[in-house]
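Participant: Take a look and give me a structure for this.
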Amino acid sequence: MLDFFTKNKSKKASHLTLHAISQGNLIPLEQVNDPVFSQKMMGDGIAIEVEDSQIRSPIDGTLIMFAQTNHAFGIRTSDGVEVLVHVGLDTVGLKGEGFQPKVAVDSQVKQGDVVLEIDIPFIQSKNIDLITPIIVSNPQQYTIEHTSAKEKVHVQDAILYLR
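Facilitator: Numbering: from 1, shown residues only. As a prediction, the model looks like this:
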């Protein structure tokens, strides 16, 4: 399993909830049309087909990285849970166009804070899928429970439980 967030090995969280980063349809990770995510090579989680231009933090923590092209970011909780939010599929090819970070790396974020703004019309004009995986990159340390099977979620709805 890749553990690309290398600082501070985690201590097990007793219970944590990840929340929706956007309004949209919830999609099981296994159904994401990218084997890196569907085969859980980067970790376990869920995906949302985002409908909002503001992408929010799914959890409280420290913003520990933004991809060079701003299409993905990572957050680490005080318990060491590492969460990757990868906006869209094949978005790295946009070379950062359409993505505007709103928080600096090493900043503290609260669940629901806007971390990134995206230009949905621009991204869609490039025929890029807005399915956004939300990955726990160190899942072997937790039992991950998915919330109810409802397809449509709203900002701040619970989407994953870590125990």
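
Participant: just the strands in the chain please.
Facilitator: Using DSSP state E, the strands of the chain run over 16-19, 24-28, 44-50, 54-56, 61-66, 72-76, 82-86, 99-101, 108-109, 114-118, 131-136, 144-146, 152-153, 158-162.

Participant: what comes into contact with the one helix or strand in the chain whose mean pLDDT sits lowest?
Facilitator: In the chain, no helix or strand scores lower on mean pLDDT, DSSP states H and E than strand 144-146, which sits at a mean of 85. Residues outside strand 144-146 that contact it (CB atoms under 8 Å, 6 or more residues apart in numbering): 28, 44-46, 136, 159-163. The C-beta positions use only the backbone N, C-alpha and C, and glycine is treated the same way.

Participant: where in the protein is pLDDT low?
Facilitator: Counting by pLDDT under 70, the low-confidence segments of the chain come to 1-14, 148-150.

Participant: rerun that using 80 as the cut-off
Facilitator: Applying pLDDT under 80 to the chain flags residues 1-14, 139-141, 147-150.

Participant: Residue nearest the middle of it, spatially speaking?
Facilitator: Note on the chain: the residue nearest the mean C-alpha position is V85, at 2.2 Å, using CA atoms, centre = their mean.

Participant: Quickly list what that residue is bridged to.
Facilitator: Under the criterion DSSP bridges, V85 forms beta bridges with F73, I134.

Participant: Now do the contacts for it.
Facilitator: Listed by CB under 8 Å, 6+ apart, the contact partners of V85 are 21, 55, 58, 72-75, 115-116, 132-135.

Participant: With adjacent residues omitted, what lies nearest to S107?
Facilitator: Distances taken as CB to CB, 6 or more residues apart in numbering put L63 closest to S107, at 5.2 Å, once the chain neighbours are dropped.

Participant: Burial check on the one you found, number of neighbours?
Facilitator: Neighbour count for L63, taken as other CB atoms under 10 Å: 22.

Participant: circling back: would you mind checking which of the contacts of V85 is nearest to L94?
Facilitator: A72 (11.8 Å; CB to CB).

Participant: Report the separation between that closest one and V81.
Facilitator: 17 Å (CB to CB, to the nearest Å).
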